[in-house]
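Need the 3D shape of this:
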Amino acid sequence: MIKSKWGSVAFVLLGFSIFNTACAQNPPLTGKNYIAEERLVEHSTVLLNNSKYLIPLQNLDQLKIASVHFSNQYTTAFDSLLNKYSKVQTFDGNVYTGAKTLNDLSADLMWYNTIIIQLNEADLNNPQLADFINGNQKLKNVIVAVFGAGTVFGKLTNISAPIIWSERISPVSAYYAAQAVFGGLPITQKLTKTYSPQFASGMGFITDKTRLQYTVPEEANINASDLASIDNIAREAIAQHATPGCVVLVAKDGKVIFNKAYGNHTYDTQVPDKITDIFDLASMTKISATTIEAMALTDQGKLSLENTIGDYVPLAKKSNKNDIKISELLLHQAGLIPDIQSFEKVKPTDHSTDSSAAYPTKVSEHYFLRANYYKDVMLPEMLNSPLRTRGQYVYSDVSMLFMKEVVENITSIPENVYVQQQFYNPLGMQTAGFLPLYRFNAAQIVPTENDQEYRRSLLDGYVHDPTAALMGGVAGHAGLFGSANDVAILYQMLLNRGTYGGKQYFKPEVIDLFTSKQSAVSRRGLGFDRWDPIAERHYPSRLASEQTYGHTGFTGTCVWVDPRFNLVYIFLSNRVNPSASSNKLSSLNIRPRIMDVVYEAISKGI
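Next up, the predicted model:
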């Protein structure tokens with residue numbers, strides 16, 4: 001709870017939707033009040049000393065960022081927004097008094113190459129602070145966020161680091177400045193008064209909005225109250241045991257206007273879902289990893305959709321897969337069987353309860369496959385599998401297993417490494433990736449099925465899909481994990497026609513090619529699922545436009561992008577817990593109904 005002139009305001013980052021409990025004498029910070037304050041903040045926020053264009057920050061994969069605060073009363077708000085864009089470690093400068101000094105703070109910041117320092121006028125009364133800033137800015141990127149009246153400039157004359165100055169002191173100014181650091185909001189103003197030769201009227205740098213903004217629905221011309229029924233549908237899903245919990249995120253016009261978690265990790269525990277939780281994205285992997293890499297290689301001229309599997313995979317040349325075109329794989333029209341391998345086919349001698357050189361592939365706790373099992377058993381099964389009628393649409397995981405072979409033969413880099421280095425890390429996707437247990441505690445990962453037949457454990461951080469599991473957790477059709485915010489970043493980049501954070505990831509025409517309807521016999525794009533023209537199916541929503549593209553996942557996930565409405569919709573759940581046998585999430589139409597609510601709210605406007 002934050003005490004301020006706004007009253008006692010509880011800020012809940014539901015994307016950024018703000019709910020309040022205000023004192024009777026103070027008006028609540030409703031959506032419209034928030035926007036009014038944000039406009040005042042925008043017109044009193046100025047960026048100075050940015051001649052090296054450090055702000056907005058770029059190359060996030062190369063930055064290790066720390067945030068230092070002293071007596072700024074809205075530090076929590078500021079730091080919470082910073083961490084939407086990149087992992088930022090917080091340091092309390094007040095600890096460094098007495099026996100500890102600011103030199104000790106500098107020593108503790110040794111491993112960080114970018115330092116964001118929050119200051120107000122009271123902080124600037126400390127004469128040692130200027131030395132601390134100047135000393136660090138000689139060695140690192142330093143950004144100073146200053147809140148208060150123009151008199152602060154008299155104490156900033158020796159500082160050459162970029163300064164974001166906001167005359168207003170409020171939670172909204174903290175949110176605004178933090179987002180401006182990363183380009184989530186633009187800085188549009190210059191100084192209107194002269195405070196010193198260094199800070200004179202007309203000075204200031206203008207920046208653009210280059211990343212997602214986190215704000216209230218009203219910022220996108222939507223009444224927050226019109227999204228309230230999302231709560232009811234999500235709670236219905238939980239009450240009906242369609243899923244133990246879920247996370248919903250809505251981004252409109254490049255602004256996250258709703259992001260909320262519901263329920264718990266499992267039905268029999270009281271571990272609440274959080275918006276930062278990591279989910280098994282299941283078949284969303286097909287478009288969020290494999291297709292993304294295929295798009296990049298197409299963009300670079302290294303992959304041709306008209307070439308065949310045999311052109312890229314030498315082992316396919318003597319198989320019946322040799323002349324299958326890449327476009328047929330991506331459209332699920334290659335005549336491939338839906339899947340291969342299952343745990344039933346694994347021989348007792350193929351797996352062990354202990355890891356060793358002979359059994360190195362970890363499938364789950366106490367389940368290890370023998371060396372080269374994929375190469376010796378699974379890949380030959382793929383190559384020798386029968387072909388059915390080519391040209392017909394048959395949804396097939398095998399198609400994306402072959403696409404993984406294709407892209408890895410082109411790049412000589414494992415798919416999980418390629419997408420991590422080329423997309424997830426540079427975009428600022430902090431949780432996205434394969435094999436999450438190598439990077440995160442299981443408590444942050446939402447468990448899926450309680451597999452008592454084969455893996456004999458609750459699958460928490462291990463991929464649910466059996467084929468992907470037998471491949472060690474990295475497959476072309478499944479294996480990717482991530483949070484809703486990470487998924488939003490990736491698909492906002494696609495909605496932006498290939499740009500995000502000031503970097504161009506794809507040419508717009510490549511995105512148009514892959515995401516538009518490319519099949520004469522199905523609704524599919526290249527890799528992407530799309531809007532269904534058969535009206536009674538209402539897929540993915542009865543109100544979605546024909547431009548909509550995305551994908552669902554078996555674990556109870558989906559992402560849909562609708563360019564006509566400038567919309568990204570994400571639903572993440574673990575509906576397969578405790579068992580995958582229930583299909584209530586689909587039979588109750590939970591995901592489409594929530595999406596309908598969003599469209600209805602858009603149509604109503606403010």
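
Can you tell me the SS state at Ala544?
coil (DSSP: H, G, I helix; E, B strand; the rest coil).

my read: it touches Tyr599, true?
Yes - the pair Ala544 / Tyr599 is scored as a contact, 7.1 Å apart, by CB atoms under 8 Å. C-beta here means a position set from N, CA and C on the backbone, and glycine is covered the same way.

So between the two, which is more surrounded?
Ala544 (26 against 18; other CB atoms under 10 Å).

how far away is the more buried one from Arg591?
12 Å (CB to CB, to the nearest Å).

Could you pull out the helices in the stretch 201-350 of the chain for me?
Taking DSSP state H, counting those that start in this stretch as the criterion, the stretch 201-350 of the chain contains helices spanning 229-239, 285, 291-299, 309-312, 326-331.

just those: most buried one?
Highest mean neighbour count among the helices of the stretch 201-350 of the chain (mean count of other CB atoms under 10 Å): helix 285, with a mean of 31.

Can you tell me, leaving aside adjacent residues, what's nearest to Met471?
Tyr374 (5.4 Å; CB to CB, 6 or more residues apart in numbering).

In contact with that neighbour, which residues?
Thr361, Leu470, Met471, Gly472 (CB atoms under 8 Å, 6 or more residues apart in numbering).

What ranges does the stretch 251-400 of the chain have for its strands?
Listed in chain order, the strands of the stretch 251-400 of the chain (DSSP state E, counting those that start in this stretch) span 255-263, 279-280, 351-352, 361-364, 367-369.

List the strands paired with the second one, with their directions.
Yep, that's strand 279-280 we're talking about. In the sheet, strand 279-280 lines up against strand 480-482 (antiparallel) (DSSP bridges).

and what of the third one?
In its sheet, strand 351-352 lies beside strand 367-369 (antiparallel), with partners assigned from DSSP bridges.

Please state the offset of the strand it pairs with from the chain centre?
31 Å (CA atoms, centre = their mean, to the nearest Å).

give me the low-pLDDT residue ranges for the chain?
Within the chain, the stretches with pLDDT under 70 are 1-29.

How is it divided into domains?
By the assignment in automatic domain parsing, the chain contains the domains 2-211, 227-604.

Most tightly packed of those domains?
domain 227-604 (a mean of 20).

End to end on that one, go ahead and measure it.
11 Å (CA to CA, to the nearest Å).

and if you look at stretch 316-331?
Start-to-end, stretch 316-331 (CA to CA) is 19 Å.

now that stretch, how far from the chain's geometric center?
That offset, for stretch 316-331, works out to 32 Å (CA atoms, centre = their mean).

Mind listing residues that contact that stretch?
Contacts of stretch 316-331 (CB under 8 Å, 6+ apart): 291, 294, 303-310, 312-313, 334-336, 382-384, 386-387, 390, 393, 399-400, 402-403, 405-406, 514, 518-519, 522, 524, 526-527.

repeat for stretch 78-98
Residues contacting stretch 78-98 (CB under 8 Å, 6+ apart): 13, 57, 60, 63, 65-72, 75, 102, 104-105, 108-109, 112, 116, 118, 145, 174-175, 177-179, 181-182, 184, 211-212, 214, 428, 430, 485.

Mind doing that once more with 6 Å?
60, 65-68, 70, 102, 104-105, 118, 174-175, 178-179, 182, 214, 428, 430 (CB atoms under 6 Å, 6 or more residues apart in numbering).

Now find how far off-centre that stretch is within its chain.
21 Å.

what bridges to Gln118?
Beta-bridge partners of Gln118, as defined by DSSP bridges: Ala145.

what's it in contact with, if anything?
His69, Asn72, Phe78, Ala145.

Name the nearest residue to the third one, ignoring sequence neighbours.
What it means is Phe78. Phe78's closest residue in space is Ala174 (CB to CB, 6+ apart), at 4.2 Å.

just checking, the one you found touches Ala77?
Yes - under the criterion of CB atoms under 6 Å, Ala174 makes contact with Ala77 at 4.3 Å.

and the residue lying closest to Thr448 once chain neighbours are set aside, what helix or strand is that in?
Distances taken as CB to CB, 6+ apart place His464 nearest to Thr448, at 4.2 Å, with adjacent residues excluded. Following DSSP states H and E, there is no helix or strand that holds His464.

Repeat that for Thr97.
Per DSSP H and E, there is no helix or strand for Thr97.

where does Ile143 land in three-state SS?
strand.

before we move on, what SS does the nearest residue in space to it that is not next to it in sequence have?
Nearest residue to Ile143, sequence neighbours excluded (CB to CB, 6+ apart): Ile116, at 4.8 Å. What three-state DSSP gives for Ile116 is strand.

could you list every residue that touches the residue lying closest to Arg390 once chain neighbours are set aside?
Distances taken as CB to CB, 6+ apart place Gly335 nearest to Arg390, at 3.9 Å, with adjacent residues excluded. Contacts for Gly335 (CB under 6 Å, 6+ apart) come out as Leu387, Arg388, Thr389, Arg390.

Equivalent analysis for Ile606, please.
Applying CB under 6 Å, 6+ apart, we find Ile606 in contact with Asn221, Asn223.

Just to be sure, Arg524 is in a strand?
No - assessed with three-state DSSP, Arg524 is coil; it does not lie in a strand.

Spatially nearest residue to it (excluding sequence neighbours)?
Leu331 (5.4 Å).

Distance check, the one you found against Val597.
Counting by CB to CB, the gap from Leu331 to Val597 is 32 Å.

so how far is Tyr454 from the closest residue to Pro360 other than its chain neighbours?
Counting by CB to CB, 6+ apart, Pro360 lies nearest to Ala371, which is 5.6 Å off, once chain neighbours are set aside. Going from Ala371 to Tyr454 by CB to CB gives 20 Å.

now swap in Glu306 and tell me
Counting by CB to CB - Glu306 and Tyr454 are separated by 40 Å.

go on, Ala316?
From Ala316 to Tyr454 the distance is 30 Å (CB to CB).

what does Gly473 give?
15 Å.

ok, now Ser86?
Relative to Tyr454, and taking CB to CB, Ser86 is found at 39 Å.

Could you do Ile594 as well?
From Ile594 over to Tyr454 (counting by CB to CB), the distance is 33 Å.

so Val597 sits in a strand?
No - Val597 sits outside any strand when classified using three-state DSSP, being helix.

Quick check, it in contact with Asp231.
No - the pair Val597 / Asp231 is not scored as a contact, 9.8 Å apart, by CB under 6 Å.

Now do the spatially closest residue to Arg388 that is not a sequence neighbour against Leu387, distance only.
Nearest non-adjacent residue to Arg388, counting by CB to CB, 6+ apart: Gly335, 4.6 Å away. Distance, Gly335 to Leu387, by CB to CB: 4 Å.

Same question for Tyr539.
28 Å.

likewise His241?
The value you get for His241 to Leu387, if CB to CB is used, is 40 Å.

go on, Val407?
Distance of Val407 to Leu387, computed by CB to CB: 22 Å.

List the contacts of Ser71.
Ser71 touches Ala122, Asp123, counting by CB under 6 Å, 6+ apart.

Please identify the helix or strand for it.
Applying DSSP H and E, one finds Ser71 in no helix or strand.

Would you list the phi and psi of it?
Dihedral angles of Ser71 (phi, psi; degrees, to the nearest 10) stand at phi -110, psi 10.
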